[in-house]
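In: Got a predicted model here, sequence first, then my questions.
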Amino acid sequence: TQTTRPQRMLAAVQKNATRGDPRSVVKAIDQFCRQKEWAMNVGDEKGCILDSVVTEVNPATVLELGTYCGYSTVRIASLLPPDAKLITLEFNPHNAAIARQVIAWAGLGDKIQLVEGASGDWIPKMKEKFGIETFDLVFLDHWKDRYLPDTKLMEECGLLRKGSILLADNVISPGTPDYLEYIRNSPRYKSQYFRSHLEYTKAEDGLEKSVFLG
Ligand SMILES: O=C(NCCCCCn1ccnc1)c1cc(-c2ccc(F)cc2)cc(O)c1O
Ligand SMILES: [Mg+2]
């Protein structure tokens, strides 16, 4: 029977990456996506910007919205300090199952909590279920029409503190116009656009980094 693209991506990781070596997992996925099949990972070019923000913030608590196959999950977790916690939310059970195996191959299972379900349902439960007070860093990479409602929900649930960083993928391609309009005009955020390209292509895309001012 026909395999899925995430399954073929996982097979490429298990074939070409070294167990317990997150950077080799990232490299194997990028090679697969450049040489074999495009897939919607944040990719190597935007991934370098992601790495620099993670390193600068050095977060103790991270929320990732949109796991997909775990590429950015592994990228972020490989840069976190020892006791840091990364919670990643994935809606699609098949993708979540693949991501768990990619994360395990990278040897990062103890740093990452993968939660299956809808962000709108889980964000209000973060404190009670995971003992999270606030997030130091949020990486938005899920449905593009959920960036704005979920950001407002995080504000309302008190999950952001003065200095929390939101980093949003795909603000140009596919685009998140309502989120950009809100975050760039809100007095409660200071935003910066990092121009780049849509993963593995020459099309424009970029990351929007926003600091919550409280
Ligand atoms: O849709 C994207 N991501 C969300 C996937 C579903 C999330 C499910 N979920 C997880 C948690 N809550 C809900 C996405 C799309 C593209 C893209 C760009 C150009 C193109 F022609 C086709 C596609 C590029 C990305 O980088 C993306 O991230
Ligand atoms: Mg994306």
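Out: Arrived safely. Ligands and ions are numbered 1, 2, ... in the order given.

In: And the residue nearest to residue 150 when sequence neighbours are not counted, how close does it get to residue 71?
Out: Nearest residue to residue 150, sequence neighbours excluded (Cβ to Cβ, 6 or more residues apart in numbering): residue 119, at 5.0 Å. Where you see a C-beta, it was placed from the backbone N, CA and C, and this is true even at glycine. With distances taken as Cβ to Cβ, to the nearest Å, residue 119 is found 19 Å from residue 71.

In: Next: residue 165.
Out: Using Cβ to Cβ, residue 165 is found at 20 Å from residue 71.

In: Between these two, tell me which one has more neighbours.
Out: Each of residue 165 and residue 71 has its neighbours counted (other Cβ atoms under 10 Å); residue 71 has more, 29 against 20.

In: any idea how far residue 25 is from the more buried one?
Out: Taken as Cβ to Cβ, the span from residue 71 to residue 25 is 8 Å.

In: where do the contact lists of those two overlap?
Out: Both residue 71 and residue 25 are in contact with residue 102, where contact means Cβ atoms under 8 Å, 6 or more residues apart in numbering.

In: so what's the residue of the chain found nearest ligand 2 up against?
Out: Nearest residue of the chain to ligand 2 (Cβ to the ion) works out as residue 169 at 3.7 Å. Residues near residue 169 by Cβ under 8 Å, 6+ apart: 42, 46, 66, 72, 139-141, 205, 207.

In: next one: residue 44
Out: Contacts of residue 44 (Cβ under 8 Å, 6+ apart): 26, 30, 199.

In: Among those residues, which ones lie close to ligand 2?
Out: When Cβ under 5 Å from the ion is applied, no member of those is adjacent to ligand 2.
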